[in-house]
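>>> coords below, sequence missing:
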């Protein structure tokens with residue numbers, strides 16, 4: 001792609017990118033045929049491929065930025081969502097950071113957020129294509145004055161002259177996602193060593209990292225955006241070693257761990273609360289349950305139940321109308337009696353797939369309901385209800 005990137009940066013390339021902007025997949029052949037009469041075929045193909053990547057990237061970067069940036073397929077897949085990168089840059093800024101060595105910078109998403117926060121960035125990636133794209137993105141967004149892009153092996157870069165280090169190790173290989181932190185590129189142990197040498201550091205890691213793999217010197221933060229868990233971050237130099245937090249975007253709203261014991265198991269109450277994924281990953285269900293004066297349905301299931309409806313930022317509330325032992329026929333009869341055609345199926349602690357259940361009960365009718373496939377005190381159970389209002393509120397941050 002590097003051979004095709006340079007032509008896209010020329011006036012002809014920019015004009016072609018503007019012309020193919022928003023091209024629908026069904027129209028690509030006709031558009032390509034027309035444009036190849038006036039432009040080189042390889043350049044037309046590169047412009048159309050870039051247009052497709054920009055359309056995919058809009059969900060992460062917003063249409064305005066994505067429409068000006070340059071991407072690789074892996075770059076779109078692996079880059080940080082702009083809202084998450086902006087939040088993290090804000091934390092670094094609040095810690096007094098004015099310069100960051102962004103190691104494994106990818107296409108530059110995090111470097112862009114840091115620069116927009118007024119932070120000077122050294123962005124490093126060993127892949128020449130990726131580094132070229134990061135440089136093009138800094139130029140395209142008018143941030144080249146704050147972002148220096150360097151093609152190098154991050155393990156050979158001297159970051160001593162920077163206030164902070166940010167490391168985003170590659171967590172995908174030729175066979176897909178990598179789950180062993182020591183198989184990251186670079187390994188997590190190297191990243192932790194680099195972080196320990198800096199005044200402040202942030203290491204982006206997979207949200208599924210085992211808690212026992214978190215270094216004792218690190219603060220661990222799990223971040224979700226609109227309910228989807230996006231990443232975990234190990235922070236160094238924040239003055240809070242061993243702290244655990246769950247941060248929900250937009251907001252941010254942050255729930256801090258207080259080392260509470262697991263909530264007690266209790267009977268199903270009128271309300272069921274489904275904690276945000278970041279709260280669950282951070283093992284802070286107990287903190288959320290205390291805020292709700294609730295308990296658990298089962299000691300192994302992260303559903304909280306309570307008798308009263310309370311506003312919370314950290315869980316979604318449902319009003320439960322029916323509790324049934326797991327029985328598809330009984331559920332089908334209940335839904336038919338209620339005229340439920342719009343059925344949402346959620347599960348936790350059940351092997352039954354939502355689509356499989358939906359096919360079996362064949363919901364029909366004008367009404368809506370939510371069914372939870374779960375366990376209550378160890379017993380397979382179906383809970384039927386609907387979203388409660390208000391489901392969120394001004395929780396502590």
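All right, it came through fine. Values in this document were obtained by computation on a predicted structure and should not be read as measured data.
>>> Return the helix or strand in the protein with minimum mean pLDDT.
strand 172-173 (a mean of 62; mean pLDDT, DSSP states H and E).
>>> Now do the helices in the stretch 151-300 of the chain.
Taking DSSP state H, counting those that start in this stretch as the test, the helices found in the stretch 151-300 of the chain are 188-196, 277-281, 285-292.
>>> which helices and strands does the first one pack with?
Packed against helix 188-196, as judged by 3 or more C-beta pairs under 8 Å, 6 or more residues apart in numbering; DSSP states H and E, are the following elements: strand 164-167, strand 200-205, strand 228-236. In this view, the C-beta of every residue, glycine as well, is placed from N, C-alpha and C.
>>> Looking at those strands, which is nearest to residue 360?
With C-beta to C-beta, the closest approach to residue 360 among the helices and strands packed on helix 188-196 belongs to strand 228-236: 28.1 Å.
>>> about what we covered before: so for residue 291, which of the helices and strands packed on helix 188-196 sits nearest?
Using C-beta to C-beta, the helices and strands packed on helix 188-196 put strand 228-236 closest to residue 291, at 19.7 Å.
>>> quick revisit: now render the helices and strands packed on helix 188-196 as JSON lines, adding mean neighbour count, distance to residue 24 and mean pLDDT.
Below are the helices and strands packed on helix 188-196 laid out as JSON lines (neighbours: other C-beta atoms under 10 Å; distance: least, C-beta to C-beta, whole Å; pLDDT from 0 to 100):
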{"stretch": "strand 164-167", "mean neighbour count": "27", "distance to residue 24": "37", "mean pLDDT": "96"}
{"stretch": "strand 200-205", "mean neighbour count": "24", "distance to residue 24": "34", "mean pLDDT": "95"}
{"stretch": "strand 228-236", "mean neighbour count": "21", "distance to residue 24": "27", "mean pLDDT": "96"}
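>>> what's the offset of stretch 78-96 from the middle of its chain?
12 Å (C-alpha atoms, centre = their mean, to the nearest Å).
>>> hang on, the earlier thing: please convert the helices and strands packed on helix 188-196 to a markdown table, extending it with distance to residue 389.
Output for these, formatted as a markdown table (distance: least, C-beta to C-beta, whole Å):
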| stretch | distance to residue 389 |
| --- | --- |
| strand 164-167 | 40 |
| strand 200-205 | 36 |
| strand 228-236 | 22 |
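>>> Please list all residues in contact with the most centrally placed residue in the chain.
The centre of the chain sits closest to residue 230, judged by C-alpha atoms, centre = their mean, with a distance of 1.7 Å. By C-beta atoms under 8 Å, 6 or more residues apart in numbering, residue 230 lies in contact with 80-81, 84, 207, 223-224.
>>> hang on, the earlier thing: closest one to residue 388 among the helices and strands packed on helix 188-196?
So among those, strand 228-236 is nearest, using C-beta to C-beta, at 21.5 Å.
>>> what pairs with that closest one, and is each one parallel or antiparallel?
strand 200-205 (antiparallel), strand 219-225 (antiparallel) (DSSP bridges).
>>> how near is residue 184 to residue 103?
12 Å (C-beta to C-beta, to the nearest Å).
>>> Quickly list what's touching both of these two.
With C-beta under 8 Å, 6+ apart, residue 184 and residue 103 have common neighbours residue 191.
>>> Looking at the two, which is more packed in?
residue 103 (27 against 24; other C-beta atoms under 10 Å).
>>> how close does the more buried one sit to residue 343?
47 Å.
>>> same deal with residue 229?
In terms of C-beta to C-beta, residue 229 sits 25 Å off from residue 343.
>>> And for residue 82?
34 Å.
>>> go on, residue 211?
35 Å.
>>> More neighbours: these two, which one.
Between residue 211 and residue 343, residue 343 has the larger neighbour count (other C-beta under 10 Å), namely 21 against 11.
>>> Next up, the contacts around that one.
335, 358, 361, 363, 368-371.
>>> Residue 74 - that's part of a strand, no?
No: the assignment for residue 74 (DSSP: H, G, I helix; E, B strand; the rest coil) gives helix, which keeps it out of a strand.
>>> Out of the helices of the stretch 151-300 of the chain, indicate the one that is most buried.
helix 277-281 (a mean of 24; mean count of other C-beta atoms under 10 Å).
>>> Show the backbone phi and psi for residue 319.
Main-chain torsions, residue 319, degrees, to the nearest 10: phi -90, psi 120.
>>> ok, now the one 10 residues further on?
Note on residue 329: its backbone torsions stand at phi -60, psi -40 [degrees, to the nearest 10].
>>> how close does it get to residue 388?
In terms of C-beta to C-beta, residue 329 sits 28 Å off from residue 388.
>>> of those two, who's got more company?
Higher neighbour count among residue 329 and residue 388: residue 388, with 16 against 9, using other C-beta under 10 Å.
>>> Since that was my last question, I'll sign off now.
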